[in-house]
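J.: coords please:
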Amino acid sequence: MKFIKVLLFAVSVLGVVQVHAQSSAELKRRKEKLNSELADLNREYEETRKNKKATIKQLNILKAQIALREEKITTVNSEIRQLNGQINENTNTVHTLQGQLDQLKKEYAAMVVFAYHNQSAYNKMMFVFAGKDFNQAYKRLKYLQQFGTYRERQAASIQGTQKELHVKINQLDRTKNEKSNLLEEQQKERETLGKERNTQTAVVNDLSKQEGTLKKQQRTLMAQRRQIDRQIQNAIAREVEAARRKAEAEARAEAARRAALAAEKARAENKSAAEIAEAAKPKPITRSTATEALTATPEAAKLNNDFMGNRGLLPWPVATGQIIQDFGPYVSDGIRNDNHGIDIRTSSGAAARAVFEGTVISVNDISGSYMVLLRHGSYITAYANLRSVSVSAGQKVNTRQTLGSVATDPFTGETVIHFELNKAGAIVNPKTWLASQ
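T.: Numbering: from 1, shown residues only. You can find the predicted model right below:
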């Protein structure tokens with residue numbers, strides 16, 4: 001029973017350690033990614049500092065740096081909490097192993113005392129021959145043999161437990177050192193975060209002197225955003241209406257064909273003229289919904305289902321980037337707005353990519369930049385703020401196919417793509433559909 005308990009304890013500890021190892025690996029992978037993104041932002045920020053005049057790009061980079069720095073501190077805190085758990089578990093394991101070792105030593109000491117009192121061959125033989133009969137003498141002989149074997153096993157158990165205890169103590173020391181390093185890293189990150197916030201305040205103060213220009217730029221951006229939203233809604237409305245008209249025309253043609261067959265059958269059955277006329281009347285057509293219209297054909301229905309099946313797995317509309325404005329309402333420089341998609345900052349000259357196969361609905365020019373709309377069954381994706389386009393309306397595209405290049409704002413110096421997702425006229429948060437980076 002003791003052996004079984006020890007085995008179960010060891011298996012449970014091994015399972016916990018394995019889970020922690022996986023979680024620790026994930027946290028370290030996330031921290032490395034954050035470090036890489038912070039390094040990119042630092043390089044970009046240093047380039048913007050060459051201009052003595054504070055810019056919107058500087059402020060946006062600082063905002064992104066602060067957000068990533070806060071996320072990194074959160075990740076480090078998670079690592080510290082995990083290490084605290086490992087330290088507690090390893091400490092409990094050390095105490096358990098120490099207790100087992102003390103018990104083994106105590107039992108072994110008792111065996112040594114017994115063996116000392118019965119160490120001579122004469123005493124052993126007297127013990128065997130003192131049995132009442134041959135059967136009892138045989139059992140005593142076997143007992144002495146088993147006692148010797150058990151003593152050897154106990155000695156081996158003591159050595160094994162001592163070795164395991166030594167390993168656990170070393171592991172505990174390493175974990176404590178790792179925690180100490182993480183605490184130092186956490187302190188440095190907090191100090192850096194404080195400096196970045198101070199720098200952000202200074203940049204904001206500098207930019208406040210340009211408030212009139214900034215407000216004008218912000219209003220222009222908001223106007224462009226509203227124009228994008230109108231273009232998307234108008235294009236979707238046209239697409240839905242065209243699909244609905246086509247579906248209804250096909251339905252009317254089918255209804256007329258069925259009515260003609262019914263009238264022909266009524267004539268063949270020598271029915272009255274009134275009955276024939278009634279049979280020849282086509283049945284009224286029910287107006288289809290937007291979703292029904294956009295998925296009326298088998299091809300569109302399949303594409304729609306395939307798109308739905310890839311929720312959370314769609315590639316990003318650019319190869320690399322960070323979301324700088326999330327989906328939903330927000331306030332920027334005192335101006336309230338509602339983002340119907342997400343804004344992704346990427347590298348200069350980056351290519352915009354289709355997140356799924358589909359058909360180009362339209363290519364629109366919006367205040368000097370382009371927007372491409374793709375249809376995937378009842379789902380429609382929009383890619384705005386493109387400097388150039390490489391597709392045309394009616395063209396079929398594949399997943400990750402290049403649609404054009406993302407434009408760089410000459411005022412802010414940022415390269416940002418605006419991406420939206422719409423389902424038959426209803427706005428959808430696209431972030432939940434994209435794969436995690």
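J.: which phi and psi does N339 have?
T.: Backbone torsions of N339, given as degrees, to the nearest 10, read phi -90, psi 120.
J.: partners of it in the sheet?
T.: Beta bridges link N339 to G328, judged by DSSP bridges.
J.: Please work out how many residues are found near it.
T.: Neighbours of N339 under the rule other C-beta atoms under 10 Å: 19. From N, CA and C alone the C-beta is placed, and that goes for glycine too.
J.: Against T346, how distant is it?
T.: Distance of N339 to T346, given as C-beta to C-beta, to the nearest Å: 17 Å.
J.: So which residues of this structure form strands?
T.: For the chain, the strands defined by DSSP state E cover 322-325, 328-332, 335-339, 341-346, 351-353, 358-366, 369-376, 379-389, 396-397, 402-406, 415-423, 426-428.
J.: got those strands as a markdown table, with mean pLDDT and distance to W316 columns?
T.: Converted to a markdown table, the strands of the chain look like this (pLDDT from 0 to 100; distance: least, C-beta to C-beta, whole Å):
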| stretch | mean pLDDT | distance to W316 |
| --- | --- | --- |
| strand 322-325 | 88 | 10 |
| strand 328-332 | 78 | 19 |
| strand 335-339 | 76 | 17 |
| strand 341-346 | 92 | 7 |
| strand 351-353 | 97 | 8 |
| strand 358-366 | 91 | 16 |
| strand 369-376 | 93 | 15 |
| strand 379-389 | 94 | 11 |
| strand 396-397 | 96 | 16 |
| strand 402-406 | 96 | 12 |
| strand 415-423 | 93 | 8 |
| strand 426-428 | 90 | 16 |
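J.: I'd like to know which of these is closest to K63.
T.: Smallest distance to K63 across these (C-beta to C-beta): 7.7 Å, for strand 322-325.
J.: now that closest one, how far from the centre of its chain.
T.: Put simply, strand 322-325 sits 15 Å off its chain's centre (C-alpha atoms, centre = their mean, to the nearest Å).
J.: For that strand, which residues meet the burial criterion?
T.: Of all the residues in strand 322-325, those buried under the rule 16 or more other C-beta atoms under 10 Å are I323, I324, Q325.
J.: If we only consider these, which is nearest to R226?
T.: Once C-beta to C-beta is applied, the member of these that ends up nearest R226 is Q325, at 14.9 Å.
J.: Run a quick check on A300 versus L294, I expect a contact.
T.: Yes - in this structure A300 lies within contact range of L294 using C-beta atoms under 8 Å: 6.3 Å.
J.: Between the two, which is the more surrounded one?
T.: The residue with more neighbours, out of A300 and L294, is L294; 29 against 19, by other C-beta under 10 Å.
J.: Could you give the backbone dihedrals for the residue lying closest to the more buried one once chain neighbours are set aside?
T.: With sequence-adjacent residues excluded and distances taken as C-beta to C-beta, 6 or more residues apart in numbering, L294 is closest to S378, at 4.1 Å. Here is the backbone geometry of S378 (degrees, to the nearest 10): phi -90, psi 0.
J.: quick one: contacts for S378?
T.: Going by C-beta atoms under 8 Å, 6 or more residues apart in numbering, S378 touches A290, T291, L294, T295, A300, N304, K423, A424.
J.: make it 6 Å
T.: By C-beta atoms under 6 Å, 6 or more residues apart in numbering, the contact set of S378 is T291, L294, T295, N304, K423, A424.
J.: Name the nearest residue to the last one, ignoring sequence neighbours.
T.: Once flanking residues are discounted, A424 sits nearest to A290: 3.8 Å by C-beta to C-beta, 6+ apart.
J.: if I pick that neighbour, what's in contact with it?
T.: So A290 contacts V240, A424, G425 (C-beta under 6 Å, 6+ apart).
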